[in-house]
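Colleague: here is a sequence together with a model predicted from it:
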Amino acid sequence: QVQFVESGGGLVRPGESLKLSCVASGFPFNLYTMAWFRQAPGKERLLVADIMTGGLTQYLDSVKGRFTISRDDARNTVFLQMSNLRPADTAVYYCNALFGATSDPAFDQWGQGTQVTISS
């Protein structure tokens, strides 16, 4: 059974940092591109960053230079280091794998997500 367990969110002030973690199970993690998505209140879920099996990364334009995605295949874990956070980054953050070379999630299952709130 595919599962994702996200953690690391919290309430921080603008300009501060957070590091999110996601432990995945139920599929061959090392064979998939992994990704972080976020969903703000009243908005659709949005792809924020992804990392291919070889380590190549891609980012949403608004987070480039501030967020870094990484992975640890030995621990089936994907990370999102977020720096210089802005109020617009406020959302629930989720991880999933990507389907092939698309931006679509590979699995219908989602974790509970982790809430990130940036406020002064």
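Modeller: That came in fine, so what should we check first? Keep in mind that this is a model prediction, so the values were computed, not measured. Numbering: from 1, shown residues only.
Colleague: the residue nearest to residue 29 when sequence neighbours are not counted: how many residues sit nearby?
Modeller: Among residues not flanking residue 29 along the chain, residue 76 sits closest, at 4.3 Å (Cβ to Cβ, 6 or more residues apart in numbering). Quick note: C-beta positions are derived from backbone N, CA and C, even for glycine. Per other Cβ atoms under 10 Å, the neighbour tally for residue 76 reads 17.
Colleague: residues in contact with residue 76?
Modeller: By Cβ atoms under 8 Å, 6 or more residues apart in numbering, the contact set of residue 76 is 23-25, 29.
Colleague: now the residues you listed: which count as buried?
Modeller: Buried members of the contacts of residue 76, scored by 16 or more other Cβ atoms under 10 Å, are 23-24, 29.
Colleague: out of the contacts of residue 76, who's nearest residue 90?
Modeller: residue 23 (23.5 Å; Cβ to Cβ).
Colleague: in what helix or strand does that closest one lie?
Modeller: Assigning secondary structure by DSSP states H and E places residue 23 in strand 18-25.
Colleague: which of the contacts of residue 76 sits closest to residue 96?
Modeller: Set against residue 96, the nearest of the contacts of residue 76 by Cβ to Cβ is residue 24 (8.4 Å).
Colleague: hmm, the closest one is touching residue 94, no?
Modeller: No: assessed by Cβ atoms under 8 Å, residue 24 is found out of contact with residue 94, at 11.4 Å.
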